[in-house]
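# Build the 3D model from these lines:
(4 chains)
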2 protein chains.
Amino acid sequence: MRVTLREVAEQAGVSMMTVSNVMNGNRARVSPGTIEKVQRIADELGYVPSASARSLATKASRLVGLLVPAADEDSLMISPHTMAIVGMIERELRKYGYHLLLRGVAHPDEVAEALRSWSLDGAILLGFLDEEVGKLTKKTIGAVHVVAIDSYSANRLTTGTRSDDFAGARLAARHLLDLGHRRILFAGPAFSGVGVVHERFEGFCQAFADAGVSRDDVVETVNTTYEEGRELGLVLRERHDVTAVFATADILAVGIVHGLTEAGARVPEDVSVVGFDDLDLCNYVTPKLTTISQDIARKASTAVSILLDSIEKGERPKRPVTIDVSLVERESTAPVRA
Amino acid sequence: MRVTLREVAEQAGVSMMTVSNVMNGNRARVSPGTIEKVQRIADELGYVPSASARSLATKASRLVGLLVPAADEDSLMISPHTMAIVGMIERELRKYGYHLLLRGVAHPDEVAEALRSWSLDGAILLGFLDEEVGKLTKKTIGAVHVVAIDSYSANRLTTGTRSDDFAGARLAARHLLDLGHRRILFAGPAFSGVGVVHERFEGFCQAFADAGVSRDDVVETVNTTYEEGRELGLVLRERHDVTAVFATADILAVGIVHGLTEAGARVPEDVSVVGFDDLDLCNYVTPKLTTISQDIARKASTAVSILLDSIEKGERPKRPVTIDVSLVERESTAPVRA
DNA sequence: CGAATTAGGTTTAGCGCTATACCTCGATAG
DNA sequence: CTATCGAGGTATAGCGCTAAACCTAATTCG
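A predicted model of the protein is given here:
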């Protein structure tokens, strides 16, 4: 069936431990000649160590769980932004010899058994609502080492990475203020449990304070979907006081632009729109979307290295690491019309 | 440390096997009273079985590997289309109690050790070039059960699912022919090793035969990227004989539209463009892209059920299952100008 | 009424690997 | 010349679980 250590050992005429040592690069205790011989025999036989046996014996699995929210049992509904991060995380883990167990989570509770059973070395929580992060801590996952991306618990104790949402929103608002806009709509799930968005709202407000401009309350609470954006854009046309919109997600922003356009408004001549995320999509729509760019590669690789440091060296920065963001000016913003 | 079967057994005053039987729903051999007691104690103790130990003992892991091509070590570069499928596969596997090991593959050879070691119950190959599928068969992966999505080996022996590329391309070409177009450019990696694209080319040609129209050779070989599409669009403007383009991927089509537009051509008034995939993106660009829609949910769920049937019942359809496609008319195609 | 079955268990023997302790030389030191 | 040590191994004892064989008392049946 499968070639085992024992067989290699027998063929090579050494003990199993010697083979084990060779395989694990534990070569201090093995003479060069033996190493060569064992290596050769192992290759000839096509020996591949069994991860389960090793994991059982060592209690380490070189396996990291990646948990992403699944709207419900019927759809994973991973956003493009999330998916991009998944890809980067996989690459990063692979680089360090770890494997990735991808798991959608519909109900935080259901996860426990599934994940504990694999004795994961660590876990990455991607884009969970704050309240859920708590339910998914080590108690449930069984992994001591957990990092969260794009989410943080209320008390900010969860290790992980996230973009500087505050600064991003501030940048976006400042950009619009600089262009002369005063009535700027904030569109997003502003008061939901999503901490990330809350930060963005705060940053947005900060920009007004910075500029010494009083902020009239122009907030529209919508989910970050294209459709809701489009509907918002449609009705927005009638509110001639609003000359600019900051949307908390690119998809939403694109919806708004389209709604606006459908209703007869021109973007950016009549209304300026800024998004958040910098998806590829931004370059494909007309007008190209001005947005806040998140460095997702850094977000992912930093999260992974925090996790691996934690696993391998026990080092743990206790607070989330904030990744810088930047404004990318494209075509959806312009000076306010006179 | 971790609660083991033995502890549960001791607490419950029964043998380990009895607990094991209860845990695995092997209840035929256990009395109701004992079941209840063991269950209660296990819950109280927070017992979670160890997947590695179980896997070691049974040689089954309830783990499925999902392999996706990684352009090189530095980027996973998963296309949106691929990512969407990944999400669907995860959901489907989860439904049946399997776990997903996601793995990017840069060099087919490197995969062997990593995956064999996990003694996967099965593996799904997603979007590999035909030549690579061979290298990734059971010999390397170590899994007897393998399905491929969006790829098939030259001899068509690989089990799996793929969209009806032939029919799709034929549909696209017929649509353009029906609109009166005669000089239709085929844009895509036509002669690469990608079988999928070859099928699309065949289907494209078939539509001309169906319509009794002779097909002048208008083929442009490009990779399916936005940028290459844009460049193609830019130069296409000068070839006034070409009135329509069929691109083998939406991203490419969008690039072409943009190139064309930049060069001063109008889409669809001057040139019609049809894509392939039906990404969300199609609805977000201007004009909205006419394209061939793939039923990725079905593609994913069918692949998973083929795989699980193969794993659990040993059933194996030997040829790939073809998933129907349909034409989605949007705004990027129009009758040829007089 | 004795043999055969069945319900409800238990015991034994690993699955493939590794940590830990232990052994056995020859070289080195005092 | 004995004590010490390091290089290069080996032997033992699990990790947590399950398949398979085995046991025992109560029931069924010809």
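# Low-confidence regions, chain A specifically.
For chain A, applying pLDDT under 70 flags the ranges A:72-77, A:138-139, A:143, A:152-157, A:190-196.
# Would you state the helices of it in chain order?
Applying DSSP state H to chain A gives helices spanning A:5-12, A:16-23, A:32-45, A:51-58, A:80-95, A:111-117, A:130-135, A:138-141, A:165-178, A:195-211, A:226-236, A:250-262, A:281-284, A:296-313.
# residues contacting A:Arg330?
Contacts for A:Arg330 (CB atoms under 8 Å, 6 or more residues apart in numbering or on different chains) come out as A:282-283, A:287-291. Glycine gets a C-beta too; all of them are placed from N, C-alpha and C.
# ok, for it, nearest residue in space, not its chain neighbours?
A:Lys288 (3.8 Å; CB to CB, 6 or more residues apart in numbering or on different chains).
# Output the helices of chain A in a markdown table; the columns should cover distance to DNA strand C.
Converted to a markdown table, the helices of chain A look like this (distance: least, CB to the nearest atom of the strand, whole Å):
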| stretch | distance to DNA strand C |
| --- | --- |
| helix A:5-12 | 3 |
| helix A:16-23 | 3 |
| helix A:32-45 | 10 |
| helix A:51-58 | 3 |
| helix A:80-95 | 20 |
| helix A:111-117 | 16 |
| helix A:130-135 | 32 |
| helix A:138-141 | 22 |
| helix A:165-178 | 42 |
| helix A:195-211 | 40 |
| helix A:226-236 | 50 |
| helix A:250-262 | 46 |
| helix A:281-284 | 46 |
| helix A:296-313 | 14 |
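# Pick the most deeply packed of the ones you listed.
When these are scored by mean count of other CB atoms under 10 Å in any protein chain shown, the highest mean neighbour count falls to helix A:250-262 (a mean of 25).
# who does that helix touch, helix- and strand-wise?
strand A:184-187, helix A:226-236, strand A:244-247, strand A:272-277, helix A:281-284 (3 or more CB pairs under 8 Å, 6 or more residues apart in numbering or on different chains; DSSP states H and E).
# do you know which of the helices of chain A lies nearest B:Glu7?
helix A:111-117 (15.2 Å; CB to CB).
# centre of the chain versus the closest one, how much separation?
Offset of helix A:111-117 from its chain centre (CA atoms, centre = their mean, to the nearest Å): 21 Å.
# and if you look at stretch A:168-183?
So, by CA atoms, centre = their mean, the centroid of stretch A:168-183 is 26 Å from its chain's centroid.
# what comes into contact with it?
A:184, A:199-208, A:210-211, A:213, A:216, A:218, A:241-244, A:246, A:248, A:272, A:274, A:276, A:290, A:292, A:294, A:325-327, A:329, A:333-336.
# Would you mind putting the CA coordinates of it into CSV?
What follows is stretch A:168-183, C-alpha atoms only, in CSV (Å, rounded to 0.1, in the frame of the first residue of the first chain):
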residue,chain,number,x,y,z
GLY,A,168,-8.4,55.7,4.5
ALA,A,169,-11.8,57.3,5.1
ARG,A,170,-10.1,60.4,6.2
LEU,A,171,-8.0,60.5,3.0
ALA,A,172,-11.1,60.0,1.0
ALA,A,173,-13.1,62.7,2.7
ARG,A,174,-10.1,65.1,2.6
HIS,A,175,-9.8,64.5,-1.1
LEU,A,176,-13.5,65.4,-1.6
LEU,A,177,-13.2,68.4,0.7
ASP,A,178,-10.1,69.6,-1.2
LEU,A,179,-12.2,69.5,-4.3
GLY,A,180,-14.6,71.9,-2.7
HIS,A,181,-17.3,69.5,-1.8
ARG,A,182,-19.2,70.2,1.4
ARG,A,183,-22.3,68.0,1.4
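# Great, nothing more from me.
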